[in-house]
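Engineer: Quick one: sequence and predicted model below, then my questions.
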Amino acid sequence: MKKCIEQKILPRYNKLSQKIKGDFVMSEQWNGFRLREDEGYNYFMPVSLLPPGKDGRDALVGAHYGENKRICITYKTDRDAVAKLLPPGFHPTDPCTISVCFAECRDIDYLAGGGYNLVCVDASVYFQGEVDYAEGSLPLVLWMDKFYPILLGRELLGAPKLMAEIPDAKTIVGSGKSRFYAADDGNRLVEGAIWDLEEMTREEITEWEKAGEGKSWMCYKHFPAIDLDGHDCSYATWCPTTNVTHRAWKGKGEVHFNPVEWERSPLSGPCSTILSQLPVLEVVSAMKWIESAIYEPNKRLR
């Protein structure tokens, strides 16, 4: 048997293994799918069935969002408590705020004109790495109601996206309150409301947009190793967008997280439970706006 392996099998194996790229054996005798990353292509699974991106472009980079309707409640919270939730390189600002943002995203290019709803929980942070310094916000968790954008956001950006039930915002007749929530299997994880809205002038919108210049949404991309011994990748990401605000309102708002037992929500329950323990020290802003947006090229922060 040993002689057979040495004389027949090993020479054949060595010949077929002339070139290996990724997990695919590449040789003149290989007739299977070929990764062409050396030609500028990029792939998402299933790699042999989905059309690849080319030259740094993919389904998200450059993706245009025709209309986003957003509601965002921002409040001050305990800085030290937030610091314990941040991945390496990230630090909470002083004062530290949490922004709970609901959005109805529509007319999205990579969804063939479709859309989705989301609730994102962002912490105000700065990143200090060995090379890069950046300011902006970091999502602690992001709930969405459609799988495709969850998949792309997790695999490409490192966004901590989870599935949830997120209906359109509902305005209560007579009260003027617009309410939103995210739920898992009927268990409400987070709920918010905004009311007493006053439309902002174009000058106020411009001033608000200028306050955010130079800042960006950031994420932390972490994928465990196949054998769960360490990780395959673990690093911070910079995920900028260009936004055009068409109309905006400011008003009063409220938001709260519900502690949900693991038995009722094994994945999202622990997230909402931890977030419910962050104190709401002061609601500093409650806004609603309508915008269009486009994703710009992302990069790794070092």
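Structural biologist: Alright, I've got the coordinates. Being a predicted model, the structure only gives us computed values, none of them experimental. Numbers count the residues shown, from 1 in each chain.
Engineer: Which residue ranges make up the domains of this protein?
Structural biologist: Here the domain parsing of the chain from automatic domain parsing is 1-43, 65-301.
Engineer: any idea which residue sits dead centre in the chain?
Structural biologist: Centroid-nearest residue in the chain, with CA atoms, centre = their mean: A159, separated by 3.1 Å.
Engineer: per-residue pLDDT, that one?
Structural biologist: Looking at A159, its pLDDT is 98.
Engineer: now swap in D232 and tell me
Structural biologist: 97.
Engineer: That one belongs to a helix, doesn't it?
Structural biologist: No: counting by DSSP: H, G, I helix; E, B strand; the rest coil, D232 is not found in a helix; it is strand.
Engineer: ok, it touching P224?
Structural biologist: Yes: using CB atoms under 8 Å, D232 is in contact with P224, at 7.0 Å. From N, CA and C alone the C-beta is placed, and that goes for glycine too.
Engineer: picking that back up, looking at the domains of the chain, which is closest to L50?
Structural biologist: domain 1-43 (7.2 Å; CB to CB).
Engineer: still on that earlier bit, give me the three-state assignment for the residue nearest to the centre of the chain.
Structural biologist: Classification of A159 by three-state DSSP places it in coil.
Engineer: Give the rounded mean pLDDT of the longest helix seen in the chain.
Structural biologist: Taking DSSP state H as the criterion, the chain has its longest helix at helix 202-211. On average, the pLDDT along helix 202-211 is 96.
Engineer: And it, what's buried?
Structural biologist: Buried residues in helix 202-211, counted by 16 or more other CB atoms under 10 Å: 205, 208.
Engineer: and the gap between H231 and Y110?
Structural biologist: 28 Å (CB to CB, to the nearest Å).
Engineer: Check which helices and strands the helix or strand hosting L162 sits against.
Structural biologist: Taking DSSP states H and E as the definition, L162 sits inside strand 161-163. Under the contact criterion of 3 or more CB pairs under 8 Å, 6 or more residues apart in numbering; DSSP states H and E, strand 161-163 touches strand 133-144, helix 147-152.
Engineer: Which of the ones you listed has the highest mean neighbour count?
Structural biologist: For those, the largest average neighbour count (mean count of other CB atoms under 10 Å) is found in strand 133-144, namely a mean of 20.
Engineer: State the number of residues packed around C72.
Structural biologist: Look at C72: counted by other CB atoms under 10 Å, it has 20 neighbours.
Engineer: and the gap between it and W289?
Structural biologist: From C72 across to W289, the span is 8 Å (CB to CB).
Engineer: and if you look at I274?
Structural biologist: From I274 to W289 the distance is 29 Å (CB to CB).
Engineer: ok, now M144?
Structural biologist: For M144, the distance to W289 equals 19 Å [CB to CB].
Engineer: D232 and P224 - which one has more neighbours?
Structural biologist: Just comparing D232 and P224: by other CB under 10 Å the higher neighbour count belongs to P224, 12 against 9.
Engineer: Now do the contacts for the more buried one.
Structural biologist: 230-232 (CB atoms under 8 Å, 6 or more residues apart in numbering).
Engineer: so how many other residues sit close to the nearest residue to G186 once chain neighbours are set aside?
Structural biologist: Closest residue to G186 apart from its sequence neighbours, by CB to CB, 6 or more residues apart in numbering: E165 at 7.5 Å. Burial of E165 is recorded as 16 neighbouring residues (other CB under 10 Å).
Engineer: E165: what's it in contact with?
Structural biologist: Contacts of E165 (CB under 8 Å, 6+ apart): 145, 182-186.
Engineer: again, but for S175
Structural biologist: S175 neighbours (CB under 8 Å, 6+ apart): W195.
Engineer: Give me the pLDDT value at it.
Structural biologist: 80.
Engineer: And for C4?
Structural biologist: Model confidence at C4, expressed as pLDDT, equals 43.
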